[in-house]
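Give the three-dimensional model of this entry:
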Amino acid sequence: MNNNGLHRKKDSARIVWDSKPRRAPNPKDIEFQTAEVVIPNLETAGQLPMSFRDKLLGEEELDKQKMNRLIWGDNLLAMQALLNQGYEGKINLIYIDPPFDSKADYSHKIKLGETEFTKEPSVIERLAYKDTWAGGTDSYLDMLYPRLQLMKRLLSDSGSIYVHIGGHVNAYVRLLLDEVFGTDNLINEITWFYKNKLQSKLSQFFPKDTESVFVFAKKYGNHQFHHQYIKLDEPRKQNKIKWDPVHKKTVTVKDEAGNVVYYQSDQKLIGQMWEIPRVNSMAKEDTGYDTQKPHELLERIIKAGSSEGDLVADFFCGSGTTLALAEKLNRRWIGCELGKVGIQVARARLVEQKSKPFLVENIGNYQREMIYLGGARIYEMQKIILKLYGAEPMANRKDLGVRKTEDGMLELVYCGYPDRAVAAHKVEDLATEAQTLDGAGYKRLVILAWDYEYNYDELLQTRLRPGYGGRARKSSDIKTEIISRQIPLDIYEYLKQAKSEEDIERLSDKVKFLEKPYLKLQKPEVKGSSVTIGIEKYVLYDFPLGSGKKADEDREALLHLVKDNFAILIDYWAVDWDYDGLTFKSQWQDLRGLGRKTKVVTTKKEHAYEKSGKHTIAVRVVDIFGNDATATMEVKL
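This is a model prediction of the structure:
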């Protein structure tokens with residue numbers, strides 16, 4: 001009771017900032033699209049649903065809750081979708097390592113031969129991190145607060161969360177966790193100390209060689225916890241202790257004479273101070289990913305907070321260390337990452353260690369969701385994208401515009417829809433229409449698409465051949481030049497900024513609509529029950545190496561390297577030997593590798609079929625910059 005005779009509230013302290021979200025986010029009806037079912041080891045393919053093994057799999061038949069999942073996209077949307085799909089209270093352990101350095105460089109080093117290149121993070125990654133720090137600590141808390149609220153809902157009643165944090169935001173995050181999970185649910189504040197970080201004697205501060213891991217339970221006392229031990233160099237004498245249920249504390253064990261009972265022990269209980277070296281570039285576990293955490297750190301966390309068979313999640317999974325260790329320790333897992341490089345590195349690690357089959361997923365209608373989150377509509381977005389490309393939208397067609405090039409040519413420009421891939425037949429129709437549209441027609445058609453269908457290049461070339469389609473086309477064979485470009489993922493940021501014609505004019509020079517990569521497969525060689533397939537050509541028309549003199553030099557060096565060996569660009573390629581037209585199953589893959597263990601992928605693969613007949617083979621190629629291209633072919637044995 002205070003001086004005014006009023007009862008004081010207990011634990012009413014809260015962290016407050018101007019832009020603090022007032023409402024917790026709710027589950028959202030968002031679907032996940034399966035980019036591929038990855039089967040690193042064919043011996044474990046039998047762990048997939050029976051419908052899959054019988055080649056009757058449709059996406060709706062795959063029980064995703066029984067599979068490990070690697071999700072590319074915004075973790076806020078991913079968690080809302082998981083809640084909607086029945087994951088509430090199902091996750092036993094969550095570990096997150098959210099970005100906590102406002103000056104961090106999220107570029108990625110790539111070594112090709114003896115030359116090292118710096119790949120810029122995708123603009124969507126840069127913008128995500130830029131938005132995280134745009135308003136200083138306030139916007140960082142704006143990002144983290146709703147995500148922690150969702151994580152609490154996903155945790156089981158016996159679950160716990162390990163939040164890895166450092167830098168200048170420790171205190172704010174601790175207060176945030178106190179508010180979301182409750183001060184009574186704090187388990188530990190772990191200090192990770194590493195003494196193998198290079199330190200400068202010129203700095204005006206003590207070496208920054210620690211980071212914090214805050215551990216909170218969903219319900220303290222009900223939480224799962226397993227003590228961890230480290231081996232001692234020599235056994236030592238320790239007094240024996242036991243739990244006193246009456247006084248609810250540990251007490252020293254004594255014999256009948258009242259003497260303390262001792263025993264010899266060769267291990268020591270681990271406390272809150274963890275001395276674990278950082279990953280160095282020469283370590284076997286090093287993947288070359290800048291923010292990679294050591295195996296020992298994650299192994300200790302997973303063993304302490306979960307049991308075999310439990311579900312472990314990491315919603316800022318980066319290079320996939322949590323997932324790799326969860327797999328090794330026989331836990332189920334879910335990982336989510338916004339960066340394409342992180343997804344590729346995590347996928348490669350899981351394949352290299354021959355993990356059980358897992359899903360690589362995208363957030364369904366991701367572009368549509370992002371557009372709606374920005375307060376825009378699809379037709380408004382199409383108009384802005386056309387203008388950002390330099391085209392003037394047509395008054396009577398929301399998806400078409402006209403652009404005048406520097407040489408005076410008028411181009412017809414088509415802007416695709418965010419939730420559907422552009423098909424070759426659609427482009428054929430547009431090209432036919434372009435020849436007579438507006439009277440004089442257009443000699444060039446530019447396609448701006450979020451995504452393209454399988455075999456787009458090959459299908460389009462077939463459809464554009466003279467005489468294709470019979471008599472209806474013979475008199476009007478298409479002569480219009482077609483250029484297929486990709487809408488960049490950073491378009492969301494520009495949509496937010498493009499409030500006026502002046503804004504669009506200012507931004508148009510910054511948006512890059514790159515030509516889509518070109519993939520051509522070799523003609524399959526069939527011998528008896530075996531077929532050999534290969535990649536004939538893979539062409540990347542531009543490299544995301546940034547701007548400036550160094551970037552230009554790197555670009556020239558890379559062009560020289562790939563001139564005689566396009567395979568140097570490929571991060572991995574995968575094959576589905578019996579593609580069902582619905583779900584891509586990576587039944588075989590060749591990877592470039594990670595860290596210092598990189599190589600140039602092979603471009604051919606032979607496969608022996610057990611059954612004769614007709615088979616559809618699908619190939620997926622992902623390059624070192626995260627672009628992907630797909631193609632299919634038919635073989636008859």
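
all contacts plus neighbour counts: C-alpha atoms, from now on.
Noted.

Check Gly58 and give its pLDDT.
At Gly58, the model reports a pLDDT of 44.

What residues does Leu329 make contact with?
Counting by C-alpha atoms under 8 Å, 6 or more residues apart in numbering, Leu329 touches Lys303, Glu308.

What strand or helix carries Tyr162?
Assigned by DSSP states H and E, Tyr162 falls within strand 155-165.

centre of the chain versus that strand, how much separation?
Distance, stretch centre to chain centre, for strand 155-165: 21 Å (C-alpha atoms, centre = their mean, to the nearest Å).

Which residues does the next helix or strand after it contact?
Downstream of strand 155-165, the next assigned helix or strand under DSSP H and E is helix 170-181. When contacts are defined by C-alpha under 8 Å, 6+ apart, helix 170-181 is touched by residues 14-15, 141, 145, 148-149, 152, 165, 183, 186, 212, 214, 216-218.

starting at the chain centroid, how far to helix 170-181?
Distance, stretch centre to chain centre, for helix 170-181: 26 Å (C-alpha atoms, centre = their mean).

Check stretch 529-543 too.
Averaged C-alpha coordinates place stretch 529-543 at 25 Å from its chain's average position (C-alpha atoms, centre = their mean).

Repeat that for stretch 556-569.
Averaging C-alpha positions (C-alpha atoms, centre = their mean) puts stretch 556-569 26 Å from its chain's average.

And stretch 434-446, by the same measure?
40 Å.

Also stretch 248-257?
Computed by C-alpha atoms, centre = their mean, the chain-centroid distance of stretch 248-257 equals 52 Å.

Report the rounded mean pLDDT for the strand holding Tyr162.
Averaged over strand 155-165, pLDDT sits at 97.

And stretch 291-306, by the same measure?
Computed over stretch 291-306, the mean pLDDT rounds to 93.

which outside residues touch it?
Counting by C-alpha under 8 Å, 6+ apart, 92-93, 159-160, 162, 224-228, 276-279, 285-286, 312, 318-319, 321-322, 325-326, 329 sit against stretch 291-306.

Go through the residues you listed and flag which are in strands.
Among the contacts of stretch 291-306, DSSP state E puts Asn92, Leu93, Gly159, Ser160, Tyr162, Val312 in strands.

For the stretch 51-200 of the chain, just list every one of the helices.
Here the stretch 51-200 of the chain has its helices, by DSSP state H, counting those that start in this stretch, at 75-84, 123-133, 137-154, 170-181.

check which helix or strand covers Lys510.
Counting by DSSP H and E, no helix or strand carries Lys510.

any idea how far it is from Leu388?
9 Å (C-alpha to C-alpha, to the nearest Å).

who has more neighbours, the two?
The neighbour count for Lys510 versus Leu388, taken as other C-alpha atoms under 10 Å, is higher for Leu388 (26 against 11).

Tell me who's in contact with the more buried one.
Ile504, Glu505, Leu507, Ser508, Asp509, Val511.

hmm, try it at 7 Å
Taking C-alpha atoms under 7 Å, 6 or more residues apart in numbering, we find Leu388 in contact with Ile504, Leu507, Ser508, Val511.

can I get the residues you listed in JSON lines with secondary structure?
Converted to JSON lines, those look like this (DSSP: H, G, I helix; E, B strand; the rest coil):
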{"residue": "Ile504", "secondary structure": "helix"}
{"residue": "Leu507", "secondary structure": "helix"}
{"residue": "Ser508", "secondary structure": "coil"}
{"residue": "Val511", "secondary structure": "coil"}
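
Out of those, which end up buried?
Ile504, Leu507, Ser508 (16 or more other C-alpha atoms under 10 Å).

Between these, which sits nearest Gly271?
Nearest to Gly271 among the buried ones among the contacts of Leu388 is Leu507, at 53.5 Å by C-alpha to C-alpha.

Distance of the closest one relative to Glu411?
On the measure of C-alpha to C-alpha, Leu507 and Glu411 end up 20 Å apart.

In stretch 321-331, which residues are buried?
For stretch 321-331, burial by neighbour count (16+ other C-alpha under 10 Å) applies to Thr321, Thr322, Leu323, Ala324, Leu325, Ala326, Glu327, Leu329, Arg331.

Setting aside sequence neighbours, what's the nearest residue to the fifth one?
In space, not counting the residues next to it along the chain, Leu325 is nearest to Glu299; the distance is 6.1 Å by C-alpha to C-alpha, 6 or more residues apart in numbering.

CA-only coordinates of the helix or strand hosting the one you found in CSV, if you can.
For Glu299, the host element (DSSP H and E) is helix 295-305. Coordinates of each C-alpha in helix 295-305 appear next as CSV, following Å, rounded to 0.1, in the frame of the first residue of the first chain:
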residue,chain,number,x,y,z
HIS,A,295,28.3,-26.5,-33.1
GLU,A,296,29.2,-26.8,-29.4
LEU,A,297,27.1,-23.9,-28.5
LEU,A,298,23.9,-25.2,-30.3
GLU,A,299,24.5,-28.8,-29.2
ARG,A,300,24.6,-27.7,-25.6
ILE,A,301,21.4,-25.7,-25.9
ILE,A,302,19.5,-28.4,-27.8
LYS,A,303,20.5,-31.1,-25.3
ALA,A,304,19.6,-28.9,-22.3
GLY,A,305,16.2,-27.8,-23.6
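
got any ranges where the stretch 351-500 of the chain has weak pLDDT?
Along the stretch 351-500 of the chain, the parts satisfying pLDDT under 70 run over 364-379, 419, 467-476, 489-490, 492-496, 498.

neighbouring contacts of stretch 502-512?
So stretch 502-512 is contacted by Lys387, Leu388, Tyr389, Gly390, Pro488, Gln497, Ala498 (C-alpha under 7 Å, 6+ apart).

Switch the residues you listed over to a markdown table; also include distance to Gly534.
Shown next, in a markdown table, are the contacts of stretch 502-512 (distance: C-alpha to C-alpha, whole Å):
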| residue | distance to Gly534 |
| --- | --- |
| Lys387 | 40 |
| Leu388 | 38 |
| Tyr389 | 36 |
| Gly390 | 39 |
| Pro488 | 29 |
| Gln497 | 44 |
| Ala498 | 44 |
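
Now, these that are in helices?
The helices, defined by DSSP state H, take in Lys387, Leu388, Tyr389, Gln497 from these.

Please check those and keep the buried ones.
Lys387, Leu388, Tyr389.

Lys512 versus the last one, what's the distance?
By that I understand Tyr389. Counting by C-alpha to C-alpha, the separation of Tyr389 from Lys512 is 8 Å.

thinking again about what came up before, restricted to helices, list the buried residues of stretch 321-331.
Going by DSSP H, the helices hold Thr321, Thr322, Leu323, Ala324, Leu325, Ala326, Glu327 from those.

For the fourth one, which non-adjacent residue is closest in space?
For Ala324, the nearest residue in space outside its immediate sequence neighbours is Leu350; the separation is 6.0 Å by C-alpha to C-alpha, 6+ apart.

Would you mind listing the buried residues in the helix or strand that that neighbour is a member of?
Taking DSSP H and E as the criterion, the element that holds Leu350 is helix 340-352. Across helix 340-352, burial judged by 16+ other C-alpha under 10 Å covers Lys340, Val341, Gly342, Ile343, Gln344, Val345, Ala346, Arg347, Ala348, Arg349, Leu350, Val351.
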